[in-house]
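# Take a look and give me a structure for this.
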Amino acid sequence: MSTTTEAPDTAAAAKPKLKTSAMIASFADPGQKTSNAPFGHALVKAAQENDKIVGLTADLGKYTDMHIFAQAYPERFFQMGMAEQLLFGAAAGLAETGLVPFASTYSVFAARRAYDFLCLDAAEPNLNVNIVGGLPGLTTGYGPSHQATEDMAIFRGMPNLTIVDPCDSIDIEQAVPQLAASEGPTYLRLLRGNVPTVLDGYGYTFELGKAKVLRGGNDVVFISSGLMTMRALQAAKALAAHNVDVAVVHTPTIKPFDAETVLKEINTDRLAVTLENHSVVGGLFETVASAVVTAGAGKRVVPIGLPDQFLDAGALPTLHERYGLSVDRIVAKVLAELG
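Below is the predicted model of the structure:
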């Protein structure tokens, strides 16, 4: 990056120099309202009301916010060490006894390293084993070994598995007790640390299996999940300056998918765009496209997501801009599509 010194009157407009710490920084914008460790605190609250809830992790308690639960309920917490297959097998065993386990690790380890154990130990017997995956999609700059860009693609084909991709702290806080009360295994794409609070201004409540229309619009409809719903809302406001009216539909549950709500919003003459923090292969875009084709809607859908490739390491803001997840890139894409 440039190191040129700018005059005081222009320095405020310059982008700050990014440090190595930006590789693991929160994706929250400067000054944005956030909530610290919403998953950990939500799990503690749920455990206060349900004494069958237990927590496990594979040496990643601090990095998946499970340490909050461990501190509150040390007798109900199990540290399994760096053994993700054992983590899922043990969680399934606990579920067999009637307990409600939440097992946390990084998404790459859950999807790539321990798939078979989740599939056969938890999904086939339809046990309520709740997998909490940290660093989903492009939420870390540490390269392909840590970037779970294809986790939903891997998990969507697993029978009985519910997949939730939350937008913010509100989604996470409200999802945890519903996951604990649901039947069968679940996978939560965790946002950890200081997580933005976005949906409180939209009269929103999380309902497992339901999509929600956050705002209306006459020209474009965004179908989004995860942190990209935050970006969709920001892009919608930015596009208003170009006289483009954008609706936003948030789909936190990827499976089972609320095709009815989404198809109702897509089946119009508006430009339809999906936005996801995941590869364009096998995630939200293909879930929506499948629903459109199955319904015979004959509607073009434009994907905004990560490319089908291994991504670079680097600072998150730089990578989000490079791979099209930034607000500026979203706005440019929509304007280009509208011609």
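# number of nearby residues for the closest residue to residue 67 other than its chain neighbours?
Distance criterion Cβ to Cβ, 6 or more residues apart in numbering; nearest residue to residue 67, sequence neighbours excluded, is residue 61 at 4.2 Å. The way it works is simple: take the backbone N, C-alpha and C, and place the C-beta from them, glycine included. Look at residue 61: counted by other Cβ atoms under 10 Å, it has 20 neighbours.
# distance of residue 61 from residue 123?
Residue 61 sits 25 Å away from residue 123, going by Cβ to Cβ, to the nearest Å.
# Kindly report the same for residue 90.
16 Å.
# ok so, going back, quick one: pLDDT of the residue nearest to residue 67?
At residue 61, the pLDDT value in this model is 96.
# The helix or strand harbouring residue 71 - what's its average pLDDT?
Secondary structure assigned from DSSP states H and E places residue 71 in helix 67-72. Helix 67-72 carries an average pLDDT of 98.
# ok, and for it, which residues are buried?
67, 68, 69, 70, 72 (16 or more other Cβ atoms under 10 Å).
# What residues of the helix or strand following it count as buried?
Sequence order places strand 77-79 as the next helix or strand after helix 67-72, per DSSP H and E. Applying a neighbour-count criterion of 16+ other Cβ under 10 Å, one finds residue 77 buried in strand 77-79.
# which residues touch strand 77-79?
54, 55, 56, 57, 59, 61, 66, 69, 70, 90 (Cβ atoms under 8 Å, 6 or more residues apart in numbering).
# pretty sure the fourth one is touching residue 88, no?
No. Judged on Cβ atoms under 8 Å, residue 57 makes no contact with residue 88 at a distance of 11.7 Å.
# what touches both of the two?
residue 103.
# quick one, which of those two is more surrounded?
residue 88 (31 against 27).
# where do the strands sit along the stretch 51-200 of the chain?
Applying DSSP state E, counting those that start in this stretch to the stretch 51-200 of the chain gives strands spanning 53-57, 77-79, 100-106, 130-134, 162-164, 186-189, 194-196.
# List the contacts of the third one.
Residues lying outside strand 100-106 but in contact with it, judged by Cβ under 8 Å, 6+ apart, are 43, 50, 52-58, 60-61, 63-66, 69, 84, 87-88, 90-91, 94-95, 114, 128-135, 146, 148, 176, 179-180, 190.
# Quick one, which of these are buried?
If we count by 16+ other Cβ under 10 Å, the contacts of strand 100-106 have these buried: 43, 53-58, 60-61, 63-66, 69, 84, 87-88, 90-91, 94-95, 114, 128-135, 146, 148, 176, 179-180, 190.
# where do the helices sit along this protein?
For the chain, helices defined by DSSP state H occupy the ranges 8-11, 38-49, 67-72, 84-96, 107-108, 115-117, 151-155, 169-181, 227-240, 259-266, 284-294, 316-322, 327-338.
# related to what we said a few turns ago, in terms of secondary structure, what does the helix holding residue 71 contact?
On a contact count with 3 or more Cβ pairs under 8 Å, 6 or more residues apart in numbering; DSSP states H and E, helix 67-72 meets helix 38-49, strand 53-57, strand 77-79.
# again, only this time at 10 Å
helix 38-49, strand 53-57, strand 77-79, strand 100-106 (3 or more Cβ pairs under 10 Å, 6 or more residues apart in numbering; DSSP states H and E).
# Pipe these into TSV and attach distance to residue 257 per row.
Formatted as TSV, those follow (distance: least, Cβ to Cβ, whole Å):
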stretch	distance to residue 257
helix 38-49	23
strand 53-57	27
strand 77-79	32
strand 100-106	23
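# and of the ones you listed, who's closest to residue 263?
Taking Cβ to Cβ, helix 38-49 is the member of the helices and strands packed on helix 67-72 nearest to residue 263, at 30.8 Å.
# model confidence over that closest one, on average?
pLDDT averaged over helix 38-49 gives 98.
# do stretch 169-185 as well
98.
# What are the buried residues along it?
For stretch 169-185, the neighbour count (16+ other Cβ under 10 Å) marks 169-180, 182, 184-185 as buried.
# ok, which pair from those is furthest apart?
169 and 184 (25.2 Å).
# Got the domain ranges for the chain?
For the chain, automatic domain parsing gives the domain ranges 2-29+199-338, 34-196.
# how about TSV for the buried residues of helix 67-72, with distance to residue 101 added?
Shown next, in TSV, are those (distance: Cβ to Cβ, whole Å):
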residue	distance to residue 101
67	17
68	16
69	11
70	14
72	16
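# re the thing from before, need the strands of the stretch 51-200 of the chain in JSON lines (columns: distance to residue 255).
Shown next, in JSON lines, are the strands of the stretch 51-200 of the chain (distance: least, Cβ to Cβ, whole Å):
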{"stretch": "strand 53-57", "distance to residue 255": "23"}
{"stretch": "strand 77-79", "distance to residue 255": "27"}
{"stretch": "strand 100-106", "distance to residue 255": "19"}
{"stretch": "strand 130-134", "distance to residue 255": "13"}
{"stretch": "strand 162-164", "distance to residue 255": "4"}
{"stretch": "strand 186-189", "distance to residue 255": "9"}
{"stretch": "strand 194-196", "distance to residue 255": "22"}
